[in-house]
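> This is a predicted model, with the sequence first.
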Amino acid sequence: MQTILEVENLNKTFTLHQQQGVVLNVLKNISFNVQAGECVVLHGHSGAGKSTLMRTLYGNYLPANGSIRILHQGGMFDMVGAEPREIMAVRRETMGYVSQFLRVIPRVTCLDIVMEPALERGWSLEKARSRAQALLQRLNIPERLWSLAPGTFSGGEQQRVNIARGFMVDWPVLLLDEPTASLDDVNRQVVLDLITEAKQAGSALIGIFHDKAARDGVADRYIDMNTQEASHAA
Amino acid sequence: MAALPSIIETTQSAGRQPLLAVREVGKLFGPDKGCQNVSFDLYPGEVLGIVGESGSGKSTLLSVLSGRSQPQEGNITYCNKQGELIDLYSSSEAERRTLLRTEWGFVEQNPRDGLRMGVSAGANIGERLMAQGVRHYGTLREQGLSWLNQVEIDPNRIDDLPRTFSGGMQQRLQIARNLVSSPRLVFMDEPTGGLDVSVQARLLDMLRRLVRELDLAVVIVTHDLAVARLLADRLMVMRRSRVVESGLTDQILDDPQHPYTQLLVSSVLQP
Amino acid sequence: MISSLENQNRPARAEGYNFAYLDEQTKRMIRRGLLKAVAIPGYQVPFGGREMPLPYGWGTGGIQVTAAVLGEDDVLKVIDQGADDTTNAVSIRRFFSTTAGVQTTERTGEATIIQTRHRIPEAELKKGQIMVFQVPIPEPLRFIEPSETETKTMHALNDYGVMHVKLYEDIAKYGHIATAYAYPVLVDDRYVMDPSPIPKFDNPKLDMSPALMLFGAGREKRLYAVPPYTRVSSLDFDDHPFEVQKWEQSCAICGSDHSYLDEIIVDDQGTRQFVCSDTDYCSQQVARQEKQ
């Protein structure tokens, strides 16, 4: 199967200038590949750097050095050192990210949030709306909530809106940070089904799951963050 | 809105030129007062936020970038609708004014500075079109109504004076007035400053939508990081006339590298 | 009332005044300004306006222009809202007879210089005649842009979008362009000009006229001009074209149905009559009818 993502010698440090310049080496020389259609799960205890790795892959955190090559617009594109607009293009077309918490913007309705990735790709309003509605229905978000801004939703509802947004369009690479954390059994299964469908469609997925059952349901491989732990210097 | 297609055509062409190329621009009023050594490229559809505290030089930079204030150093090149490269300060004031009226927009912090308070909302919106030679009253009226809709002002207010509008409405009217000429680049100076929080939210939401629908490039100056996060794709952080950090908005706000940026981000109150 | 006779002797000039009141250097200065104004049709030329023996708002600009171009052999007509016999017209005419000793007339056809407040005569002007207009506010953009530096820049950069804003506002408010006088015009396809508070009825007379049109604003100290045979078009919209005033009535005195009519109240019961505003034209019409 085709390699969609190649991570090579990725390093991430945080220098806390507000705290006398303390340096945290969170990621040290991380290397791995992900193929189309597989789901790689990041494994390790809290603080081992799983979310950090995910955010670094997405460009949300700035790597110290190394390379993150992703199959984008027909070629392997290195995210490290890329221009902001190039990263935006990757985020629009190639790499999706379902974060742990929904970022709520005032006045933006649940439906608008879910439709956005499709509209960014140029989908028509009707097509985007019908797919968004289908996803929300599948994730058991009642219709009366669709035209409300999710600020007042429960944690679980917000997370499901987030997931609907994440699966709105096809992603060659999809990053999932605790997608099943606040969900009950029924909805967790829906998410696992969505993940499985994405794999079958050829997406490469990288996920963080605290829930063992969820992990076991979708994981093809594990990357053990603990082995990186030796480099965690205070 | 009839004018849209030509913009979209241009921006979707591959391998495009930066819309605005800024090289080593500087204008100082005193040591570290103003801006210096500023360089960046802005592409169609990008929203660039310039953030910093009072006195950081962001407003100076904005007036230099928008053609209103000649820099002492550096140059600014703009790629117009025809694909010609224009050196901003080598061209005449007439050309700059025309640019500001047609392909560019400028949203002032105080809407009173950006509107004609003594003429109706419809006239305010129509003015740019009239300046471009539109001589059909019916067309002007149509455009006025259409744009009022776009900026979420009741179309029945088309003949009302801006004096009768609230601050938020005046600001939205100012935005409509700028966008009616289908600009490709819009400069905004603290567009939500002075507005109530809920009014701000509405305005920001509207701006996000318009930026996406019209594929606008925007340079927005703000001291409010929340506004920056919401609207800007990229940020430049200014401190005492210099750009101390620049990059992707969420990266700068979530993983600031420069000590000053870290200070700025950590100082924001979370309600 | 001074009656006009073909062979009238020139009135005696008063002692102690230079010809036409102004000193020669001032007249030169104004003529320089006028030359520039004629060279740039519609463009406002600043000039060093002098103190005149009447206050601002009473025609000091027009008087200075007339004084600068007046010669011994000129025949002067002065009208105020079309009439030769109102106080202002009489005073100004007397001023020039006294200080210049020139022949004066009420007949448009006989005049070489016609100073006017707020009207252009009905009779067609001829080559060689000079119209001098009294102007209160020379700046057509002033109503919408109070800053002088800004309006200067707008004229320089041909930035006239805002002129149509006023017309748009009229249509929005009244359903039609409500400006009835001082209707802005485009001169020689370049400058937008305020033709002084003449009724819009008179605007077409400015277009391609054989006469020279000079405009003087005393308080604002500006001169401008429209040379003979210059294109002057009134601003309008494609779907609201420029129209002149029309009356249902005809002149009660001469019966004219194509001149500008004033509405006057003739008795305490409020009876109205419409009469020609141009007194000379009216009396000419009557004279012609009597002959027939």
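Happy to help now that I have it. Small disclaimer: the values here were computed from a predicted structure and weren't measured. Numbers count the residues shown, from 1 in each chain, chains lettered A, B, ... in the order given.
> After the longest helix that chain A contains, which helix or strand is next?
Looking across chain A with DSSP state H, the single longest helix is helix A:185-200. Sequence-wise, the next helix or strand downstream of helix A:185-200 (DSSP states H and E) is strand A:204-208.
> next SSE after that following strand?
Next helix or strand after strand A:204-208 toward the C-terminus (DSSP H and E): helix A:212-218.
> Now B:Y78: closest residue in space that isn't a chain neighbour?
Spatial nearest neighbour of B:Y78, chain neighbours left out: B:I86 (4.9 Å); criterion: CB to CB, 6 or more residues apart in numbering or on different chains. Backbone N, C-alpha and C define where each C-beta goes, glycine included.
> And the helices in the chain, which stretches?
Picking chain A for this. Counting by DSSP H, the helices of chain A are A:50-58, A:84-93, A:110-120, A:125-138, A:155-166, A:185-200, A:212-218.
> You answered for a different chain; I wanted chain C.
Using DSSP H, helices in chain C cover C:24-39, C:60-69, C:87-100, C:148-156, C:161-174, C:203-206, C:279-291.
> and B:I86, what is it in contact with?
Shown in contact with B:I86 (CB atoms under 8 Å, 6 or more residues apart in numbering or on different chains): B:T77, B:Y78, B:C79, B:N80, B:E95, B:L99.
> Distance-wise, check the fourth one relative to chain C.
Distance check for B:N80 against chain C: by CB to the nearest CB, to the nearest Å, it reads 18 Å.
> swap in B:E46?
Separation of B:E46 from chain C (CB to the nearest CB) stands at 29 Å.
> Tell me which helix or strand in chain C has the weakest average pLDDT.
helix C:161-174 (a mean of 90; mean pLDDT, DSSP states H and E).
> And for the closest residue to B:Q17 other than its chain neighbours, the neighbour number?
Take B:Q17 and drop its neighbours on the chain: the residue closest to it by CB to CB, 6+ apart is B:C79, 4.6 Å away. B:C79 has 21 neighbours, counted by other CB atoms under 10 Å in any protein chain shown.
> measure B:C79 to B:D41 for me?
Shown here: B:C79 relative to B:D41, a distance of 10 Å by CB to CB, to the nearest Å.
> Spit out the residues that contact those two alike.
Joint contacts of B:C79 and B:D41 (CB under 8 Å, 6+ apart) are B:P18, B:L20, B:A21.
> Was I right to think the first one contacts B:C79?
Yes: contact status for B:P18 versus B:C79: in contact at 6.9 Å, counting by CB atoms under 8 Å.
> helices and strands of chain A: which one has the lowest mean pLDDT?
By the measure given (mean pLDDT, DSSP H and E), helix A:212-218 is the least confident helix or strand of chain A, showing a mean of 86.
> So for it, what gets flagged as buried?
For helix A:212-218, a neighbour-count test (16 or more other CB atoms under 10 Å in any protein chain shown) marks A:A214, A:R215, A:G217, A:V218 as buried.
> give the contact list for the residue nearest to B:Q17.
Neighbouring residues of B:C79 by CB under 8 Å, 6+ apart: B:Q17, B:P18, B:L19, B:L20, B:A21, B:L85, B:I86.
> Let me know the closest of the residues you listed to chain A.
Distance to chain A across the contacts of B:C79 (CB to the nearest CB) is lowest for B:P18, with 9.7 Å.
> Give the burial count for the closest one, as a bare number.
18.
> helix/strand/coil for it?
For B:P18, the secondary-structure state derived from DSSP: H, G, I helix; E, B strand; the rest coil is coil.
> again with the one 3 residues further on
Secondary structure assignment for B:A21 (three-state DSSP): strand.
> thinking again about what came up before, between the shared contacts of B:C79 and B:D41, which is nearest chain C?
For the shared contacts of B:C79 and B:D41, with chain C as the reference and CB to the nearest CB as the criterion, the closest is B:L20, at 22.9 Å.
> Low-confidence stretches in the stretch 151-292 of chain C?
Low-confidence segments of the stretch 151-292 of chain C (pLDDT under 70): none present.
> element containing the residue sitting nearest the centre point of chain B, please.
Relative to the mean C-alpha position of chain B, the nearest C-alpha, by CA atoms, centre = their mean, is the one of B:F187, at 2.1 Å. Assessed by DSSP H and E, B:F187 sits inside strand B:185-189.
> okay if I get the contacts of B:I86 as TSV plus secondary structure, distance to B:Q36 and pLDDT?
Shown next, in TSV, are the contacts of B:I86 (DSSP: H, G, I helix; E, B strand; the rest coil; distance: CB to CB, whole Å; pLDDT from 0 to 100):
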residue	secondary structure	distance to B:Q36	pLDDT
B:T77	strand	19	95
B:Y78	strand	21	95
B:C79	strand	25	93
B:N80	coil	27	89
B:E95	helix	26	85
B:L99	helix	25	88
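> Which among those residues count as buried?
Neighbour counting by 16+ other CB under 10 Å classes B:T77, B:Y78, B:C79, B:N80, B:L99 among the contacts of B:I86 as buried.
> List the buried residues for the least confident helix or strand of chain C?
Using 16+ other CB under 10 Å as the test for burial, helix C:161-174 gives C:G161, C:V162, C:M163, C:H164, C:V165, C:K166, C:L167, C:Y168, C:E169, C:D170, C:I171, C:A172.
> which ones among the residues you listed come in contact with chain B?
By CB under 8 Å from any CB of the partner chain, the members of the buried residues of helix C:161-174 lying near chain B are C:G161, C:V162, C:M163, C:H164, C:V165, C:K166, C:Y168, C:E169, C:I171, C:A172.
> Tell me the one among these nearest to C:D85.
C:K166 (34.9 Å; CB to CB).
> who touches that closest one in this structure?
Per CB under 8 Å, 6+ apart, neighbours of C:K166: B:V119, C:F143, C:I144, C:T179, C:P184.
> Buried among the residues you listed? Need that as a selection in ChimeraX.
To isolate the buried ones among these in ChimeraX, judged by 16+ other CB under 10 Å, type:
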select /B:119 /C:144,184
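> any bit of the longest helix along chain B sitting next to chain A?
In chain B, with assignment by DSSP H, the single longest helix is helix B:197-214. Yes: for helix B:197-214 and chain A, the contact criterion (CB under 8 Å from any CB) is met by B:S198, B:A201, B:R202, B:L204, B:D205, B:R212.
> so which of these is the most crowded?
The most crowded member of these, judged by other CB under 10 Å, is B:L204 (22 neighbours).
> ok, that residue touching B:R229?
No: between B:L204 and B:R229 there is no contact under CB under 8 Å: 10.2 Å.
> what's the closest non-adjacent residue to B:Y89?
Excluding the flanking residues, the one nearest B:Y89 by CB to CB, 6+ apart is B:Q70, at 5.5 Å.
> and the one you found, what is it in contact with?
Residues near B:Q70 by CB under 8 Å, 6+ apart: B:K27, B:V64, B:Y89.
> CA atoms only: put stretch A:187-201 into CSV for me.
Only the C-alpha atoms of stretch A:187-201 are listed here, as CSV (Å, rounded to 0.1, in the frame of the first residue of the first chain):
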residue,chain,number,x,y,z
ASN,A,187,-21.9,6.6,19.7
ARG,A,188,-18.5,5.1,20.3
GLN,A,189,-19.4,2.4,17.9
VAL,A,190,-20.6,4.9,15.3
VAL,A,191,-17.2,6.6,15.5
LEU,A,192,-15.4,3.3,15.1
ASP,A,193,-17.6,2.5,12.1
LEU,A,194,-16.7,5.9,10.6
ILE,A,195,-13.0,5.1,11.1
THR,A,196,-13.3,1.7,9.5
GLU,A,197,-15.1,3.2,6.5
ALA,A,198,-12.4,5.8,6.2
LYS,A,199,-9.7,3.1,6.2
GLN,A,200,-11.5,1.2,3.5
ALA,A,201,-11.7,4.4,1.5
